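Colleague: got a predicted structure plus its sequence, pasted below:
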Amino acid sequence: MSESYLAAGLAKPVADGMGLDTPYWEGTVQHRLAVQRCNSCHHFQWGPEWICWRCGSDDIGWEDIQPTGTIYSWERVWHPVHPALVESVPYIVVLVELPHADNIRMVGNLLGDRRQQVKIGAPVHAAFEDHDGYTLVQWALD
């Protein structure tokens, strides 16, 4: 992507200080969507944690998944949560369900017309938005 969906001036997202989500951020730069998967029970999970939510194992790995899903929920944001977003409202935030990864869900912006009609269940794909030193995962309708 050559242009940012949201206005410049937001803080750069970084991996947490303990490295828990570093594989996710490294994957986004390479335009890959990586999520945690338990090496014991093979359950996918998001957000990143030190132990498996299902079986309690601490043998957690990372796996690339298909960057496609469906809109589970959404909201059109009218009130900026940061001064840099004053000129960006409204924008649409979606909760995307990922069927190829145990239906875990991720949050992101929905690209396109900020006043478009949004349908629950609509298919979407990840759109990797490159910035200086990091990449954001946004979502676009198929």
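Modeller: Structure's in. What do you need? Residues are numbered from 1 along each chain as shown.
Colleague: quick check, pLDDT for D16.
Modeller: According to the prediction, D16 has pLDDT 82.
Colleague: name the SS class of it, please.
Modeller: coil (DSSP: H, G, I helix; E, B strand; the rest coil).
Colleague: next: L136.
Modeller: Per three-state DSSP, L136 ends up strand.
Colleague: measure stretch 80-94 end to end?
Modeller: 16 Å (C-alpha to C-alpha, to the nearest Å).
Colleague: tell me which residues are up against it.
Modeller: For stretch 80-94, contacts defined as C-beta atoms under 8 Å, 6 or more residues apart in numbering pick out 5-10, 71-79, 107-110, 114-116, 118, 124, 139. Yep, even glycine has a C-beta here, placed from its N, CA and C like the rest.
Colleague: can we see that at 10 Å?
Modeller: 4-11, 69-79, 105-116, 118, 120, 122, 124, 138-139, 141 (C-beta atoms under 10 Å, 6 or more residues apart in numbering).
Colleague: sort out which of these are buried, if you could.
Modeller: Neighbour counting with 16 or more other C-beta atoms under 10 Å marks 5-7, 10, 69-72, 74, 106-111, 122, 124, 138-139, 141 as buried within the contacts of stretch 80-94.
Colleague: in the protein, where is pLDDT below threshold?
Modeller: 1-2 (pLDDT under 70).
Colleague: thanks a lot, catch you later.
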